[in-house]
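# what follows is a protein structure lacking sequence information:
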């Protein structure tokens, strides 16, 4: 979870002039595609009070979180290797490697004290700007202090080291030693969607996102989905149980979640409705529905469809569907 980049504003004449553009813009720091095999899990906390709010004044952050967390959809991707890329040109200041890739849930209390960032590095971009990259894979760093890097240069790979439960990059941007929000640089305290974006191409803000969706031969656990993704779980056949599952992130208190499973002729085979509204924000949630046994004659041949929706304040803010052909 850590470090970002930005540049000193250029002086303009006239008191009413808009805020100047930064000299340096952030390139996307992971070799992945948002909405396909990665997602923004957490944004920086821009609220100085005991509350926590991201730059859009929503809760996709937590208290004193100083960076942007970009997570992979599964450990299967992490094991295959996903490159961490320099967000801008600069010089590597310092690095750390040698910390094992393990979920913090599997570590004793205090095991990563002082090493919460895990394996990572800091890049100096000049003018007081730095980016820091955390939770990288053990043994993957390919740069050393003093190395010069260009925007997009490979620094290493996404890992599971330090204070983390899932494979992700924590990127922090600092100016003169202080963390800044690259989505809202210079925004007044308490404002929403203000300030300047430091991204060359600003990722769209999502109210929530489906991370993984698919089918299995029985009930699934969060660990099954995170370790294997959708493609490596046992695939249903016409004679097995038939279960649809969805892992989503960024859900809010009051959201109403629904997951349905329909057969080739449109017949509803399973429906999670009615689920009560969520009683608190959910950084991530796994839902599944299905049938525990196939009919005596087997499931009819054809396409099965799982449909997922999240309703917030009476409006559907997230939908997704997955299909399976038997």
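Received it, and whenever you're ready, just let me know what you need. Please read all numbers here as calculations on a predicted model, not as lab measurements.
# contacting residues around the lowest-mean-pLDDT helix or strand in the chain?
Lowest by mean pLDDT, DSSP states H and E among the helices and strands of the chain is helix 222-228, with a mean of 86. Under the criterion C-beta atoms under 8 Å, 6 or more residues apart in numbering, residues 74, 75, 76, 166, 212, 216, 233, 245, 247, 284, 286 lie in contact with helix 222-228. From N, CA and C alone the C-beta is placed, and that goes for glycine too.
# show me what the helix or strand just after it is packed against.
Next helix or strand after helix 222-228 toward the C-terminus (DSSP states H and E): strand 242-251. Packing contacts for strand 242-251, counted by 3 or more C-beta pairs under 8 Å, 6 or more residues apart in numbering; DSSP states H and E, involve strand 38-42, strand 209-216, helix 222-228, strand 256-262, strand 282-291, strand 303-312, strand 315-325.
# quick one, strand 242-251 and strand 282-291 angle?
In terms of direction (axes from the mean of the first three to the mean of the last three C-alpha atoms, to 10 degrees), strand 242-251 departs from strand 282-291 by 160 degrees.
# for strand 242-251, which strands pair with it and how are they oriented?
Partner strands for strand 242-251, per DSSP bridges, with pairing direction: strand 209-216 (antiparallel), strand 282-291 (antiparallel).
# what does the last one contact?
The set of residues external to strand 282-291 that reach it, using C-beta under 8 Å, 6+ apart, is 41-42, 211, 216, 219-222, 225, 241-252, 255, 257, 259-261, 269-272, 278, 306, 308.
# hmm, try it at 7 Å
Where contact means C-beta atoms under 7 Å, 6 or more residues apart in numbering, the residues beyond strand 282-291 that reach it are 219-220, 222, 225, 241-249, 251, 257, 259-261, 269-272.
# filter these to the buried ones?
For the contacts of strand 282-291, a neighbour count by 16 or more other C-beta atoms under 10 Å gives the buried set as 220, 225, 241-249, 251, 257, 259-261, 269-270, 272.
# most tightly packed of the strands paired with strand 242-251?
strand 209-216 (a mean of 22; mean count of other C-beta atoms under 10 Å).
# quick one, that one and strand 256-262 angle?
Using the same axes, to 10 degrees, the inter-axis angle of strand 209-216 relative to strand 256-262 is 30 degrees.
# am I right that residue 133 sits in a strand?
Yes - looking at residue 133 with DSSP: H, G, I helix; E, B strand; the rest coil, it is inside a strand.
# what about the chain, any weak spots by pLDDT?
Applying pLDDT under 70 to the chain picks out residues 1-22.
# so what are the domain limits for it?
Using automatic domain parsing, the domain parsing of the chain gives 38-180, 209-325.
# CSV for the ones you listed, including distance to residue 202?
Shown next, in CSV, are those (distance: least, C-beta to C-beta, whole Å):
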stretch, distance to residue 202
domain 38-180, 11
domain 209-325, 16
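# which among these is found nearest to residue 195?
Across the domains of the chain, residue 195 has its closest neighbour in domain 38-180 (7.3 Å, C-beta to C-beta).
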